[in-house]
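> Predicted model and sequence below, questions to follow.
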Amino acid sequence: MKKRNILISFSLIIILPVGTVFSYRYYQSYKENQKKKLIFEKRKANWLTLRQRLTDGMAKFNGEVGIVIKDLEMNWVISFNKEKLFPSASLAKIPIMATCFLAAEEGRFKLDRQIALKDSDKLTGSGILKDTRPGATFTVEELIGLMIYDSDNTATNILTNMVGIDYLNNSFKTFGLKNTELSRRIADYKSRDAGLENYTTVEDMALILEKIYRRVLVNKDISEKCIKLLKLQRISDRLSKYLPVETLVAHKTGLERGICHDVGIVFTSEGDFLICVLTKHSNSNSAPSKEFIAKVALHAYNYFEKPAGQK
């Protein structure tokens, strides 16, 4: 009997602490799961609030709008007019960039190939090359960079001539872009006025940006090259305008008569998000569109950066 009592006591000495540890761990796990559930519910509510704010803003905008915003962690998407065709303006430079890297990988040319600038290459609009002396040389990779972070139309023209419009359009299809096509060179306004237009959709822009972000546009190396250049974008009067100066945004703008766009990826401490805003307007200038895009970006940023549930 005495031995039995000793055995029971010994068992209790072992079992009780072990049981206490397991109970504590279960309780902690339960609390953590409840906390995650609460955060999820509040975040979902904030996401719905974001959608409503965008809806209200679109109703006040004097023009046509296409929007895609995606929480890249939760894979939640808000979209408006995602398949509507918009003149692409300089947004076409994103798939042109990817196509140039693809062409180099396929051996059509080398990225370090030297190109001499000619007068016939020069186009008006954005960029420094239109004012650069003929004969100045640049590598293909330097031209791709100028096309993206300086939105240089002349660099884009040189690259377009190198790879050809047919190769570009075929590559766009291989990237999965359904409604993005070049009918003319960038900044060829004479052809535009004659009825030739380049088109894209906010859905296509969101698709190619997400593929770049997830490093699956063709392959990891090409995706890395693309996102590196998009992070160097110098124009900050739209998506970046109201965001904290330290916020990293990989993006590309587009601007022509009656057209104002900005598409990109915003990196925050609370999560990364994709944001694409395309606009078509009949205002005397692009200021209202730029302001609209900037406020859309601020609403999206606040969804990510403010504590869950905070207004």
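Structure received.

> can you give me the strands for the stretch 1-150 of the chain?
Listed in chain order, the strands of the stretch 1-150 of the chain (DSSP state E, counting those that start in this stretch) span 63-71, 76-80, 86-87, 114-116, 137-139.

> Which one of the ones you listed lies nearest to Thr160?
With CB to CB as the criterion, Thr160 lies closest to strand 114-116 of those, at 12.7 Å. (Each C-beta comes from the backbone N, C-alpha and C, glycine too.)

> List the strands paired with the helix or strand containing Lys252, with their directions.
Using DSSP states H and E, Lys252 maps to strand 248-256. Paired neighbours of strand 248-256 in the sheet (DSSP bridges): strand 259-267 (antiparallel).

> what angle do the partner strand and strand 63-71 make?
10 degrees (axes from the mean of the first three to the mean of the last three CA atoms, to 10 degrees).

> which residues touch Ile293?
Applying CB atoms under 8 Å, 6 or more residues apart in numbering, we find Ile293 in contact with Arg238, Leu239, Cys260, His261, Asp262, Val277, Thr279.

> and what of Thr99?
Val163, Tyr167, Leu168, Ser171, Phe172.

> And the fourth one, how far from Leu217?
Separation of Ser171 from Leu217 (CB to CB, to the nearest Å) stands at 11 Å.

> The two - which one has more neighbours?
Leu217 (26 against 20; other CB atoms under 10 Å).

> For the more buried one, which residues are in contact?
Ala98, Phe175, Ile208, Lys211, Ser223, Cys226.

> Which of the strands of the stretch 1-150 of the chain sits closest to Tyr189?
Once the strands of the stretch 1-150 of the chain are compared by CB to CB, strand 86-87 is nearest, at 11.5 Å.

> partner strands of the closest one, parallel or antiparallel?
strand 199-200 (antiparallel).

> right, and the helix or strand after the partner strand?
helix 202-213.

> returning to what we had before: can you dump the C-alpha coordinates of the strand holding Lys252 into CSV?
The C-alpha coordinates for strand 248-256 follow below in CSV (Å, rounded to 0.1, in the frame of the first residue of the first chain):
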residue,chain,number,x,y,z
LEU,A,248,9.6,52.6,-51.3
VAL,A,249,7.5,52.6,-54.5
ALA,A,250,8.4,50.7,-57.6
HIS,A,251,6.3,52.2,-60.3
LYS,A,252,5.8,53.7,-63.8
THR,A,253,3.8,56.8,-64.8
GLY,A,254,2.1,57.6,-68.0
LEU,A,255,1.1,61.0,-69.3
GLU,A,256,-0.3,62.3,-72.6
